[in-house]
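Q: From the sequence below, what's the structure:
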Amino acid sequence: MTTTSLTRSTLLGLGIFAAGLLAGGWFAPTPPNGNDIHNASFAHFTPTNASVTRHFPAAPSSNSGPEESTSFVEAAEASVHAVVHVQTSSLVPDASNPWLSMLGMAQGRVARGSGSGVVIDRDGLIVTNHHVIHGAQDIQVSLSDGTSCQAQLIGSDPSTDLALLQITPPSPLASLEFGNSDNVRVGQWVLAVGNPLNLTSTVTAGIVSAKGRNIRLLESDASRDIYPVESFLQTDAAVNPGNSGGALVDLNGKLIGINTAIASQTGSYAGYSFAIPSSIVAKVAKDLKEFGRVQRAYLGIQIDPRRSGVTVAMAHEGGGAGAAGVRAGDEVVAVNGFDVKSFPALQEQLSKHRPGDDVVVTVKRGAALNDIPVTLTDRAGFTTTPAPKEQTTAAPGAPETRSTPRLPASWGVKLEPLSPHKRQQLRLKGGVTVSNMTQGEWAQQGLRKGFILLRIDGSPVQDVADVLAATAKAERARQDGVLLEGIYPNGERAFAGVAVP
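A: Numbers count the residues shown, from 1 in each chain. The predicted model follows:
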């Protein structure tokens, strides 16, 4: 999804465009989901004359046999009815009259967007891109037979640019079965299915030209827990604005990716497109359905950017890798038997798992290869996932818990006033400290027990009452979150943005 035909930045004259479409022109997602390539070499995107071996079906031609020419037809028939047209409406500020905007009287205008989605469950679960539905006040889904349904957003994940929608169809839908993107090979024929330029149910063909591409499409934002995961399948199947969220399928008609971006100078297809592998899509969709957010797993290591491959610069204290014996200088070469030759490839393998999962990490130490069992954790070092979300209702006549100010339970912290001795020792005038922490918003933002909160949304914190007051103020203002600022007893400064229910 985007707003103009210009990219924010380009390199060697090329930009990366997310393949969404906005009525009236091409458009690119706004931060944090930027869609231009940053600080990357475009040598990756130079066309080459890749040969196709006999292991893969030849492209249909006048000399093609019946079996070869029907492969594309069967794959298209198996997938085209499971790809839907996603149309969004968003209210955006109207900049045509800056004087009204300054007085707060501008009412904005309705922007309409268009993309694609893939039905993954016959009861109406649909996967699309986060940038297709980001900021939308209304989401409509049109099925291949022309039926239109109102869609509900189950959840979205900016880190992978994926979102999950739910519709209530009049009858069971055609759906796509997930294929195994780990088994996809460079040179393999694939089909891209979507709604480019508002042309519904469009199928194009190409080959996989590369795997594990990190095109720096997504931007990180630690305050919102956005840590991009990019390990794209690169293809030469024609993809244009409106294809975002559509299907990339193999010749068996199985879903191996979600089309997301194109490399282009103009905003239209220029030879290369990028899709999120199905191994990531399946895990993210399952997490969004069960929890409303992605349960992301980490090894707990820092990679040395000066070394080739995936060389460990440091194993974090409290992380799964460090506890299992992985140490600086080790080169990670495989996870659960899948080769890992780059950081994006490592991200792709970890993206299949949740905190608490056990994996076998193969490291090269000197000349020896060692298989090390590692228990994965979240960013805060926890190995357990929260309970799946439940729809709960208060019993009739039960008192409203909001009548008594208290910290949001989702924060997962217990706060206590900082002792006079500690204040004097650290030369602080106020502050409250985290005396206990469970898995919640604060932990997911990387904060730890012992953190001393000094300011919240810029206001000084003297005691817990100040935190409650700031939280209540943010709720009344309908803020999405508050900014926390503080330090640890060792002088380490920290800040984080946490959501306000």
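Q: Give me the below-cutoff pLDDT ranges for the stretch 51-200 of the chain.
A: Where the stretch 51-200 of the chain drops to pLDDT under 70, the residues are 51-69, 91-109.
Q: Name the helix or strand of this structure that has the lowest mean pLDDT.
A: strand 25-26 (a mean of 35; mean pLDDT, DSSP states H and E).
Q: Against which helices or strands is the helix or strand following that strand packed?
A: Next helix or strand after strand 25-26 toward the C-terminus (DSSP states H and E): helix 66-79. Using 3 or more C-beta pairs under 8 Å, 6 or more residues apart in numbering; DSSP states H and E, the elements in contact with helix 66-79 are strand 189-194, strand 202-213, strand 247-249. To be clear about C-beta, it is placed using only N, CA and C from the backbone, and glycine gets the same treatment.
Q: got these as JSON lines, with mean neighbour count and distance to Gly300 columns?
A: Formatted as JSON lines, the helices and strands packed on helix 66-79 follow (neighbours: other C-beta atoms under 10 Å; distance: least, C-beta to C-beta, whole Å):
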{"stretch": "strand 189-194", "mean neighbour count": "26", "distance to Gly300": "35"}
{"stretch": "strand 202-213", "mean neighbour count": "20", "distance to Gly300": "22"}
{"stretch": "strand 247-249", "mean neighbour count": "31", "distance to Gly300": "32"}
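Q: Would you mind giving those strands as TSV with distance to Gln166 added?
A: Below are these laid out as TSV (distance: least, C-beta to C-beta, whole Å):
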stretch	distance to Gln166
strand 189-194	20
strand 202-213	25
strand 247-249	18
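Q: Out of those strands, which is closest to Glu317?
A: Nearest of the helices and strands packed on helix 66-79 to Glu317, taken as C-beta to C-beta: strand 202-213 at 29.4 Å.
Q: What strands line up against the closest one, and which way round?
A: strand 189-194 (antiparallel), strand 232-235 (antiparallel) (DSSP bridges).
Q: Distance check, the closest residue to Gly194 other than its chain neighbours against Asp221.
A: Nearest non-adjacent residue to Gly194, counting by C-beta to C-beta, 6 or more residues apart in numbering: Gly246, 2.6 Å away. According to C-beta to C-beta, to the nearest Å, Gly246 stands 26 Å off from Asp221.
Q: ok, those two, which is more surrounded?
A: Taking other C-beta atoms under 10 Å, Gly246 and Asp221 do not tie; Gly246 has more neighbours (33 against 16).
Q: Can you show me the helices along the stretch 351-500 of the chain?
A: Assigned helices in the stretch 351-500 of the chain, in chain order: 420-426, 441-444, 464-476 (criterion: DSSP state H, counting those that start in this stretch).
Q: Neighbours of Val186, how many?
A: By other C-beta under 10 Å, neighbour count at Val186 equals 12.
Q: what's around Lys449, how many residues?
A: 15.
Q: Where do the domain boundaries of the protein fall?
A: Domain segmentation of the chain under automatic domain parsing yields 1-50+59-294, 301-375, 406-499.
Q: so which of these is the most packed in?
A: Neighbour counts (mean count of other C-beta atoms under 10 Å) averaged over each of the domains of the chain peak at domain 1-50+59-294, with a mean of 20.
Q: quick one: average confidence on stretch 473-482?
A: Summarised as a single mean, pLDDT over stretch 473-482 is 77.
Q: Output the strands paired with strand 202-213 in CSV; the columns should cover distance to Thr70.
A: As requested, these are exported to CSV (distance: least, C-beta to C-beta, whole Å):
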stretch, distance to Thr70
strand 189-194, 13
strand 232-235, 21
